[in-house]
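In: based on what follows, work out the 3D shape:
(2 chains)
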Amino acid sequence: AAGVIQSPRHLIKEKRETATLKCYPIPRHDTVYWYQQGPGQDPQFLISFYEKMQSDKGSIPDRFSAQQFSDYHSELNMSSLELGDSALYFCASSQRQGITYEQYFGPGTRLTVT
Amino acid sequence: AQTVTQSQPEMSVQEAETVTLSCTYDTSESDYYLFWYKQPPSRQMILVIRQEAYKQQNATENRFSVNFQKAAKSFSLKISDSQLGDAAMYFCAYRSASMDSNYQLIWGAGTKLIIKP
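Out: Here you go, the predicted model:
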């Protein structure tokens, strides 16, 4: 079965640089979520999109922005990177018309800011 | 606001034995979903099992089962016949079923499960 695809899997950037993370949800899933997970921490919700519209915003810094495109893939844009942005970034997708709306996670993008 | 608490930072179990991971939550809602996710060293987040709050029957998935106590707001995970591949961080998560909610997952802090060979 198709899974959530994230690219790149690993990314190394320097402080003050910009990074773009991509997420391709499971086919027919209409909702995408972005999470940030620091070392030894639980995931923190950043932002979500339903049918290409932003549906909710969590603890996403103003330096970050995201969007969902017509083909339902999503991109998380991160500017003015800081050392503290080093983390694993997960994308998850779900189908709102589904019975339980469970979220399926991609493998994550490991971002290292030096 | 909803909260999820996992009071066991780390648990260990002998291979082939049974272990139970605890999770409690706080909510004023009557309809919601609960999940257990597994995160092995690869850090892939894998859905293990889910429970709908309106169902009284406890969910089971092969060696994994839950003990859902709605009144006590408790949602424990039992792993039977533990295998080395079960070693991972286990997260308990809550999701509102309200149409007005944002559907984001509320996470516990996680329990690290160690399997002793």
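In: for residue B:37, phi and psi?
Out: In terms of degrees, to the nearest 10, the main-chain angles of residue B:37 are phi -110, psi 150.
In: gap between it and residue A:107?
Out: For residue B:37, the distance to residue A:107 equals 14 Å [C-beta to C-beta, to the nearest Å]. C-betas here are computed from N, CA, C, even on glycine.
In: which ones are touching the most centrally placed residue in chain A?
Out: Computing the C-alpha centroid of chain A and ranking residues by C-alpha atoms, centre = their mean puts residue A:34 first, at 3.2 Å. Under the criterion of C-beta atoms under 8 Å, 6 or more residues apart in numbering or on different chains, the neighbours of residue A:34 are A:23, A:45, A:46, A:47, A:48, A:60, A:66, A:74, A:76, A:89, A:90, A:91.
In: give me the nearest residue to it, chain neighbours excluded.
Out: Spatial nearest neighbour of residue A:34, excluding adjacent residues (C-beta to C-beta, 6 or more residues apart in numbering or on different chains): residue A:46 at 4.3 Å.
In: my read: that neighbour touches residue A:63, true?
Out: No. Using C-beta atoms under 8 Å, residue A:46 is not in contact with residue A:63, being 11.7 Å away.
In: give me the more crowded residue out of those two.
Out: A direct count of neighbours by other C-beta atoms under 10 Å in any protein chain shown for residue A:46 and residue A:63 places residue A:46 higher, at 22 against 13.
In: pLDDT score for the more buried one?
Out: Looking at residue A:46, its pLDDT reads 95.
In: with residue B:101 instead?
Out: pLDDT, residue B:101: 69.
In: now do the contacts for the residue of chain A found nearest chain B.
Out: Among the residues of chain A, residue A:56 lies closest to chain B, at 3.4 Å counting by C-beta to the nearest C-beta. For residue A:56, the contacting residues are A:45, A:47, A:48, B:102, B:103, B:104, by C-beta under 8 Å, 6+ apart.
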